[in-house]
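Engineer: coordinates only, no sequence provided:
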């Protein structure tokens, strides 16, 4: 069995807002446990408000959980200091193709940015590697000089994937990464992710409200509802015999 | 359209690109820019080559109406008004520009820190801004002038204190919008350091807001300088500024109306021009479509 | 039987800052009274433009160089302001994609419903009746709430109540469930089609999802690059599509793929071609 | 009331702002150059007399002590005696307050009565009419006219030509309200020009912003007539940013009053404040400036409450600001 990349161990996250009588608490994650192994994609499905976005920021080390442990490669994931130390090992492909890239920067430089952050080099020092990555995501390397608004939504999302891959990370979070795309473009991006994972062996957390996309590329599926994981199973098993009532509902809605 | 300009621009000189950029503004804004350019050039010529004569020399009869010899008439001491006007334009524009430059630097720094970092420092910055904002502009200005002592420094400090709170607030808001964007989160996850994120991503994406708010701050600056000098707390004699000239003009309003009309009109024109440029910049950076209800 | 909605060879262009973008390029569609038609297309295909065109609801920079749109025999593009308003009020109904933003954020639900029902009985009992028709839970309480206090599903029911109150002849629904959670989607869809059937309303259902449309509509029309490229009974369009774009679209849907199977993206070349040339906003410029 | 659940927090931040402003005012006034005792008693006084005066005003204590003393007294409405006139500051201010209040009130009335309709017209006709362009140019000219220039022009015109109203002849509104209003008509109009223009611009932008919102499109799609949509859906929504502006306008009116009162020789708080600064009348400056900031803080508090009633989405977190 391959190495465990990321592990969430009974993670609970509570949001507190307001004060005095107006104070309210919202449990965004309740005792969530999951793990992602090398070369594997864990799909996380849930409706809006189910807590999957919070799970994403916890898994990325952006938010500290109220209780429970988050381990990356066996070590506690820690705060901002540790984030600087393990930079390049975790990346993300965000949801909205409009805002996944800095609109004021040629996309080639956006792809180079994580590399430059590794050793403090200039953004322009990585042209060769950028060309290589653009080829890998099946884009014309000449597009590196373009700005995001000169590209289509699908192209922008490919650039975001190239950017996430440029440091050879061990773990990538895809946060609704294909949800805003048209079906025809979405299929290509899904296939691209599958191919790149086979080649690079990163572990992936693929978060989406779209069960069809998740079950197409995930090896295992976790279903989240009201902050809890109600079912976590191999994709094949999930198809055949969904155990939880809510999972069955989701499958029927397809 | 911007893309087209940029692609062509790569092969052209900086001057040429700047010219192209200015040429892309609408007619109203272009007229405004020309107005400012003419005012500034005339003032510069006055300063460098003594256009219109010396601002302090007594050259003729007192309160003479505009004529060939004295294109803008003479004042109560028999000084020609034209060179004093030119000096006033220079003082007002330069003083306001320097003050707004200071404001822009302070407000951008504070706004980005408050908007991006938030937390206690950000809260403190915003609170101090709120406190300054609670003072009516001209009251704050004369209070500062009284403490510092009337003069250029007082005018400069007042303008900065009056314009900083609002601009900080606007920069802070713009920063908060940018900070929520996915590309910032991606940069954080990639381990890009906070100062780099602030300059590389945040600053670039709020540059439009800074340009627009800076322009509006410039028009406020001229208003404040004028008001302050008018009340006697700004630029002092024998110096000259547009506000001071208007104030002088009030004394001889009936006998020599040109003394108040000329500086007054120039002051209004300058502020109007700057506001028009601000509007045009805003339309460019924050485009809005208009709808009808049919 | 003649068509209640007859779109004939329409071209729509938007002019923005000197450039002209063509959103519809000779689109034609005829719908008979009582039919349920699913209009399928991806972003930039022109389906939303076509939907809004039925009520001439396009932005002010839209031009109509060619074609006609007939609603019950009236040429929509030639109507005066008053007649057009009457047509929208009495004959047409629109359900937008994002229901919460379709409600006035500063006004309680009850009051907006009351305003929307202007000219019809709009006392409290009538309002409650309309909410019960869309199977709203706790209608009394909902009337007192503001739009930001209710869920997307509830908001969409309110919009549906407003729209169906006048029993429109034609209902244009633009991806009305896209912004909703999947467990509410089928309920809301069922509700719309149920109310439409009861009122004898013709439905034009806009969607990007070929399969879900096939489940609810008798007829499916597929749009691509500003035209209707395929049009026929649902089972025929889904079962044996003829246009290469429809074929590609059907193949690209991951929900239709068996476990372990790979989507053949080589067959999606048509869409890929389109995707590389256009953007959501830039549509099909030429 | 659930609508205003953020009010306690908002009140607290208003108090914080007011306290901060009071510290600032105190510090500023204490660092004014010149020895106040000498100013009051004249250059011929001896050191003993000056010391006595300092003691009688409590100036011999430490600064924080003085501040707390001043603040405590101010909270009870005791602002001390004017150094120049030896009269209670409160009385001096109170006798001038009605004039400035009437002036600002009249200007505010004009602002609302002209600025908002102008802005609504410009906004609803923004996509078509030429009138909108005209309204836009007029309002830009309006915000570009400093009131001291405009005021001087008005004084010039009305003193040179007989235009029905006289400038300079002031009647106190407490003595004769009607004539007081008439005598303040010109100053109020001059004061309102900037505010009318600023309100018109903000209203126009707000209306344009509301018109592109989907709920307006939904109203249009339901076939509702133009006037109906404007009355029921546009105005209410567009009012929100305009209300926020009103707080700024209040501050502007207070500041502008300083200049306008000076230009028109109106004996209000503004001209009194300038006089006090000239005379280094510490107690009056402190009280006057504190009064001005307090008016602004209270006004913006009221306006936030109003906004909260119009816009149910408002929360302190969302607005994220104090004053």
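Structural biologist: Good, I have the coordinates. Worth saying up front: this structure is predicted, and the values here are computed from it rather than measured.
Engineer: and the helices in the stretch 1-150 of chain B?
Structural biologist: Applying DSSP state H, counting those that start in this stretch to the stretch 1-150 of chain B gives helices spanning B:2-9, B:14-23, B:27-49, B:81-112, B:119-133, B:137-148.
Engineer: how close does residue C:30 get to residue C:219?
Structural biologist: 11 Å (C-beta to C-beta, to the nearest Å). Glycine gets a C-beta too; all of them are placed from N, C-alpha and C.
Engineer: so if I had to pick from the two, which one is more boxed in?
Structural biologist: Taking neighbours as other C-beta atoms under 10 Å in any protein chain shown, residue C:30 and residue C:219 compare with residue C:219 leading, 19 against 15.
Engineer: where does the chain have low pLDDT?
Structural biologist: Here I'm looking at chain A. A:1, A:17-23 (pLDDT under 70).
Engineer: wrong chain, I was asking about chain C
Structural biologist: Confidence mapping of chain C against pLDDT under 70 gives the ranges C:1, C:17, C:265-286.
Engineer: can you give me the strands in it?
Structural biologist: C:3-16, C:19-32, C:36-40, C:62-71, C:74-75, C:92-95, C:170-174, C:202-207, C:219-224, C:227-233, C:284-285 (DSSP state E).
Engineer: in a markdown table: the helices of the stretch 1-150 of chain B, plus distance to chain A and mean neighbour count.
Structural biologist: Output for the helices of the stretch 1-150 of chain B, formatted as a markdown table (distance: least, C-beta to the nearest C-beta, whole Å; neighbours: other C-beta atoms under 10 Å in any protein chain shown):
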| stretch | distance to chain A | mean neighbour count |
| --- | --- | --- |
| helix B:2-9 | 6 | 12 |
| helix B:14-23 | 16 | 11 |
| helix B:27-49 | 23 | 15 |
| helix B:81-112 | 15 | 22 |
| helix B:119-133 | 13 | 19 |
| helix B:137-148 | 33 | 25 |
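Engineer: let's verify the residue nearest to the spatial centre of chain A: helix, strand, or coil?
Structural biologist: Against the mean C-alpha coordinate of chain A, by C-alpha atoms, centre = their mean, the closest residue is residue A:173 at 1.7 Å. Three-state assignment for residue A:173 (DSSP: H, G, I helix; E, B strand; the rest coil): strand.
Engineer: give me the beta-bridge partners of it?
Structural biologist: residue A:92, residue A:205 (DSSP bridges).
Engineer: that one against residue A:62, yeah?
Structural biologist: No. The pair residue A:173 / residue A:62 is not scored as a contact, 9.9 Å apart, by C-beta atoms under 8 Å.
Engineer: burial count for the residue nearest to residue B:104 when sequence neighbours are not counted?
Structural biologist: Excluding the flanking residues, the one nearest residue B:104 by C-beta to C-beta, 6 or more residues apart in numbering or on different chains is residue B:214, at 4.8 Å. Neighbour count of residue B:214, defined by other C-beta under 10 Å: 22.
Engineer: residue B:101 versus residue B:214, what's the distance?
Structural biologist: 8 Å.
Engineer: residue C:247 now?
Structural biologist: Counting by C-beta to C-beta, the gap from residue C:247 to residue B:101 is 62 Å.
Engineer: ok, and what's touching stretch A:79-92?
Structural biologist: Residues outside stretch A:79-92 that contact it (C-beta atoms under 8 Å, 6 or more residues apart in numbering or on different chains) are A:56, A:60-61, A:64, A:72-73, A:76, A:114-115, A:117-118, A:163-165, A:167-175, B:185-186, B:188-191, B:193.
Engineer: and residue A:187, which of the helices of the stretch 1-150 of chain B is closest to it?
Structural biologist: helix B:2-9 (29.4 Å; C-beta to C-beta).
Engineer: and the residue of the stretch 51-200 of chain D nearest chain C?
Structural biologist: residue D:127 (5.1 Å; C-beta to the nearest C-beta).
Engineer: and stretch A:207-216 with chain C, contact?
Structural biologist: Yes. If you take C-beta under 8 Å from any C-beta of the partner chain as the test, stretch A:207-216 does meet chain C, through A:209, A:211, A:212, A:213, A:215, A:216.
Engineer: could you see whether chain B lies near that stretch?
Structural biologist: No. Stretch A:207-216 stays clear of chain B (C-beta under 8 Å from any C-beta), getting no nearer than 13.3 Å.
Engineer: start to end distance for that stretch?
Structural biologist: End-to-end distance for stretch A:207-216, by C-alpha to C-alpha, to the nearest Å: 13 Å.
Engineer: ok now that stretch, how far from the chain's centre?
Structural biologist: The chain centre lies 13 Å from the centre of stretch A:207-216; the measure is C-alpha atoms, centre = their mean, to the nearest Å.
Engineer: confirm that residue A:233 sits in a strand.
Structural biologist: Yes. Under three-state DSSP, residue A:233 sits within a strand.
Engineer: partner residues bridging it?
Structural biologist: residue A:221.
Engineer: what residues does chain D have near chain A?
Structural biologist: Near chain A, when you scan chain D using C-beta under 8 Å from any C-beta, you find D:5, D:6, D:8, D:9, D:317.
Engineer: so which of those is the closest to chain C?
Structural biologist: Of these, the one sitting nearest to chain C (C-beta to the nearest C-beta) turns out to be residue D:5, at 12.9 Å.
Engineer: any idea how far the closest one is from residue D:312?
Structural biologist: Residue D:5 sits 11 Å away from residue D:312, going by C-beta to C-beta.
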